[in-house]
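Q: predicted model and sequence follow; I will ask about them next.
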Amino acid sequence: MHPGAIAAVSPDRPAVVMAGSGRVVTYRELDEESNRLAHLFRAAGLRPGDHIALMLENHPLFLVITWAAHRSGLYYTAIGSQLTTGELAYILDDCDARIFISSAGLADVATSVTAVTPKVELRLMLDGVAPGFGSYEEAVAGRPVTPVADECQGADMLYSSGTTGRPKGVKPPLSGEALERQGGLLRLIRFLFRPSADSVYLSPAPLYHAAPLRYCMNFQRLGATVVVMEGFDPEEALALIERHGVTHSQWVPTMFIRLLRLPERTRARHDLSSLVCAIHAAAPCPIPVKERMIEWWGPIVHEYYAGTEGNGLLHVDSAEWLEHRGTVGRSLLGTVHVCDEQGEELPPREHGTVYFSGGPSFVYHGDEERTRAAQDPRGRGWTTLGDVGYLDEEGFLYLTDRRSYTIISGGVNVYPQEAENVLAVHPKVTDAAVFGVPDEEMGEQVKAVVQPVSMELAGPALEAELIEYCRSRLAAYKCPKSVDFRPDLPRHATGKLYKRLLREEYRPATP
């Protein structure tokens, strides 16, 4: 149930295969290299409960580093490789990292925060050196390949993507348990998706995000091989499934859309028969997109709804989803409640804020105000990720949007996700964001910003076509009154849209 145990019986089994370079990290290498780094952590004075951070591209040693921290009882924060200097400095300081590991490929950003992150005591760089950073390879060379004497379980402390403000660090309690003890997520993965040591898991997303990181590490607990894409390309993803005999994979809806937009002859070119489980999460999936994916791949598509906070989890398989189209599932962890603004629980089919009770607790590191804001107003200990939705009579949850994105136009609530889902499947649209902008008469009006398939299509004719397209499928009050066009939208690599950035552009500056 951990790399050392797998290495003892199958040392040459591939633990990581890098899709682009073909570089393989075996379980022996994963075990020995993570042990070397764990000994470095102890030599640097880090003890269980202390903190490290890493900022890497999808690198062959990414999971080596997280396993080293995990088996040392440390907190580890994986930081997005596309962050600005200010964002990186904020997270490094906020998480109290004592060691910071980056790579030569990210040296410009990594070195730019040295002067403003004094809590960091040691900085290491992979594949080269830079001012203020020592060589990772030299630092671990010659250290023992056996476990540290006080080996125990650590935990990730990951930051929300910051779609509604400053990123928030989600700090779980440390268990202090032995490394071989399996956690709740592994039990759920085994129950829902039936992986084994023979499984091959394709990870097409950045490893610094919660789902890819946690799923990769848990599949490695079973001895599975993880195939990591350095960057997502839809045709290459299909080729990898065929080439490596991928059995399990995890996606976000924007990846599904790009896969479906490949020419039919391209999609038919690849043998996908090894794939037994395709998991998706992280963002809403338009109903027509999921229908087409199930039609193409068969009833192997699974969806779950959860957050970095880990306070609850819902799941739905293909058969259930086809009977409840649009749902994100029923609860497997925690009990779901939908409440109004006063915290009063609502009956089925009524929209409100989604809360969980009975699941794991969490706090936002160093931010009591945000921790309180995620709790229900009646003090029952229920917590929310900030989403709005409703339950049906059978307990299936349907999400309508983020609470903070709800548009109030003429006193009526409008949930932008509905129009976004319609626009996303228009053949001339690559991406779309819908949000509220100030309106003197109505308070807010519905606005769309669209990334067209080609900017040559942008203009009044396409604007009119898209507005009419929405009105043919939704009530008029839910549809955009105007559409602007951009060559791309600010979307996180995990599929989440930074709608806050767009919305702020359209709101008058406050003095």
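A: Arrived safely, thanks for sending.
Q: make it CA atoms for all contacts and neighbour counts henceforth
A: OK.
Q: could you measure from Leu106 over to Leu30?
A: 23 Å (CA to CA, to the nearest Å).
Q: domain assignment for this structure?
A: Structural domains annotated on the chain: 26-172, 332-405, 413-505, as defined by automatic domain parsing.
Q: and the last one, how far from the chain's centre?
A: Read it as domain 413-505. Centroid separation for domain 413-505 versus its chain: 23 Å, with CA atoms, centre = their mean, to the nearest Å.
Q: compare the domains of the chain and give me the one nearest Arg221.
A: Evaluated with CA to CA, the domains of the chain place domain 26-172 nearest to Arg221, the distance being 10.4 Å.
Q: for that closest one, the averaged confidence score.
A: For domain 26-172, the mean per-residue pLDDT is 94.
Q: all strands for the stretch 51-200 of the chain, in order.
A: With DSSP state E, counting those that start in this stretch as the criterion, the stretch 51-200 of the chain has strands at 51-55, 75-79, 99-103, 122-126, 134-135, 155-156, 170-171, 200-203.
Q: quick one: which of these is nearest Arg403?
A: strand 170-171 (19.6 Å).
Q: where in the stretch 151-300 of the chain is pLDDT low?
A: Residues of the stretch 151-300 of the chain meeting the criterion pLDDT under 70: 161-166.
Q: does the most far-flung residue of the chain relative to its centre belong to a helix, a strand or coil?
A: The C-alpha centroid of the chain is most remote from Glu441, which lies 38.5 Å away (CA atoms, centre = their mean). Look at Glu441: counting by DSSP: H, G, I helix; E, B strand; the rest coil, its state is coil.
Q: and it, how far from Tyr405?
A: 20 Å.
Q: stretch 46-57: end-to-end distance?
A: First-to-last distance for stretch 46-57 - CA to CA - comes to 25 Å.
Q: who touches that stretch?
A: 41, 62, 69, 72-81, 92, 95-103, 105-106, 110, 152, 154, 174, 206-208, 230 (CA atoms under 8 Å, 6 or more residues apart in numbering).
Q: need the buried ones from those residues selected in PyMOL.
A: To isolate the buried members of the contacts of stretch 46-57 in PyMOL, using 16 or more other CA atoms under 10 Å:
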select buried, resi 41+62+69+72+73+74+75+76+77+78+79+80+81+92+95+96+97+98+99+100+101+102+103+106+110+152+154+174+206+207+208+230
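Q: nearest to Leu188, out of the domains of the chain?
A: domain 332-405 (8.6 Å).
Q: endpoint to endpoint, the closest one covers what distance?
A: OK, domain 332-405 end separation, CA to CA: 27 Å.
Q: returning to what we had before: export the strands of the stretch 51-200 of the chain to TSV and tack on distance to Phe485?
A: Formatted as TSV, the strands of the stretch 51-200 of the chain follow (distance: least, CA to CA, whole Å):
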stretch	distance to Phe485
strand 51-55	33
strand 75-79	31
strand 99-103	36
strand 122-126	40
strand 134-135	45
strand 155-156	38
strand 170-171	35
strand 200-203	31
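Q: closest to Leu391 out of those strands?
A: That would be strand 170-171 among these, by CA to CA, at 26.6 Å.
Q: contacts for the closest one, please.
A: Counting by CA under 8 Å, 6+ apart, Asp156, Met157, Leu158, Tyr159, Ser160, Thr308, Glu309, Phe362, Val363, Tyr364, His365 sit against strand 170-171.
Q: parallel or antiparallel, list what pairs with it.
A: If you go by DSSP bridges, strand 170-171 pairs up with strand 363-364 (antiparallel).
Q: buried residues in the helix or strand just after the partner strand?
A: Per DSSP states H and E, the first helix or strand lying C-terminal to strand 363-364 is helix 368-373. If you call a residue buried by 16+ other CA under 10 Å, then helix 368-373 has these buried ones: Thr371.
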